[in-house]
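# predicted structure and sequence below. I'll ask about it afterward.
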Amino acid sequence: MTSPLLAGFLLGLSLILPIGAQNAFVLRVGLRGEHVWAVCLACALSDALLILAGVSGFSQISAMVPWAETGLRYFGAAFLLAYGARSFRDAFRSEALRPSEAAPESLKRVVLTCLAFTWLNPHVYLDTVVLIGSISTQFENGKGLFATGAMLASFTFFFSLGYGARLLKPLFARPVTWRVLDIAIGIIMWVTAARLLLNE
């Protein structure tokens with residue numbers, strides 16, 4: 001019973017872990033202690049809605065277009081292999097994380113900026129709607145648990161990043177931390193890709 005939940009959680013976590021504009025923004029908000037709860041909730045709920053749309057939609061697509069599942073399975077595997085390779089490559093680069101120093105002053109501005117990072121980023125649709133949606137078809141009897149796991153990963157990550165930012169600050173100064181993180185992401189991506197390709 002826990003297998004789809006764990007698979008969804010690990011996939012969701014591996015997709016969201018790489019530092020991008022949204023995560024850098026959440027990290028900066030956490031470091032400054034500005035509207036952390038609202039920002040984390042906005043990010044997590046947005047992900048949850050997109051994941052739900054992906055998981056729900058792909059069951060209908062599979063019924064109407066029988067070959068869609070197979071095509072998306074290979075597309076998803078190729079994407080995961082490429083994403084994993086990028087993580088392994090990044091593990092041997094030492095690039096500093098530099099979130100913007102501009103500090104939004106109002107709750108409204110902070111939340112709108114957060115939503116822009118989420119909903120105006122084409123990559124988020126690929127991760128949540130397309131990729132998680134296609135992989136969810138591998139769990140016929142546990143699709144709900146898989147989606148729940150992916151959603152829990154978003155809530156866990158964003159709230160941990162937002163509220164744990166100050167505690168993690170010293171770690172981000174060490175290149176070895178990023179190497180370990182990127183290697184772990186790469187492994188999770190490649191294991192998931194293998195599962196997609198072998199589970200036919």
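That came through fine.

# most remote residue from the chain's center?
Each residue of the chain has a distance to the centre, and by Cα atoms, centre = their mean the biggest one is for residue 64: 28.0 Å.

# which pLDDT does the model give residue 158?
Residue 158 carries a pLDDT value of 96.

# immediately after the strand or helix carrying it, which helix or strand?
Secondary structure assigned from DSSP states H and E places residue 158 in helix 143-168. Sequence order places helix 175-198 as the next helix or strand after helix 143-168, per DSSP H and E.

# what mean pLDDT does that following helix get?
What helix 175-198 shows for mean pLDDT is 80.

# helices or strands up against it?
The helices and strands touching helix 175-198, judged by 3 or more Cβ pairs under 8 Å, 6 or more residues apart in numbering; DSSP states H and E, are helix 2-16, helix 68-90. Backbone N, C-alpha and C define where each C-beta goes, glycine included.

# leaving out sequence neighbours, find the closest residue to residue 3.
residue 142 (7.0 Å; Cβ to Cβ, 6 or more residues apart in numbering).

# these two touch, right, that neighbour and residue 4?
Yes. Counting by Cβ atoms under 8 Å, residue 142 touches residue 4, with 3.1 Å between them.

# the two: which has the busier surroundings?
residue 4 (22 against 19; other Cβ atoms under 10 Å).

# surely that one touches residue 140?
No. Residue 4 is not in contact with residue 140 according to Cβ under 8 Å; the separation is 9.7 Å.

# looking at the helices and strands packed on helix 175-198, which is buried most?
helix 2-16 (a mean of 21; mean count of other Cβ atoms under 10 Å).

# export the worst-scoring helix or strand of the chain on mean pLDDT as PDB, just CAs?
Of the helices and strands making up the chain, the lowest-confidence element is helix 122-125, at a mean of 71, by mean pLDDT, DSSP states H and E. Extracted C-alpha coordinates of helix 122-125, given in PDB (Å, rounded to 0.1, in the frame of the first residue of the first chain):
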ATOM      1  CA  PRO A 122       6.500  26.300 -18.500                       C
ATOM      2  CA  HIS A 123       8.700  23.700 -16.800                       C
ATOM      3  CA  VAL A 124       6.200  23.300 -13.900                       C
ATOM      4  CA  TYR A 125       3.600  22.000 -16.300                       C
END
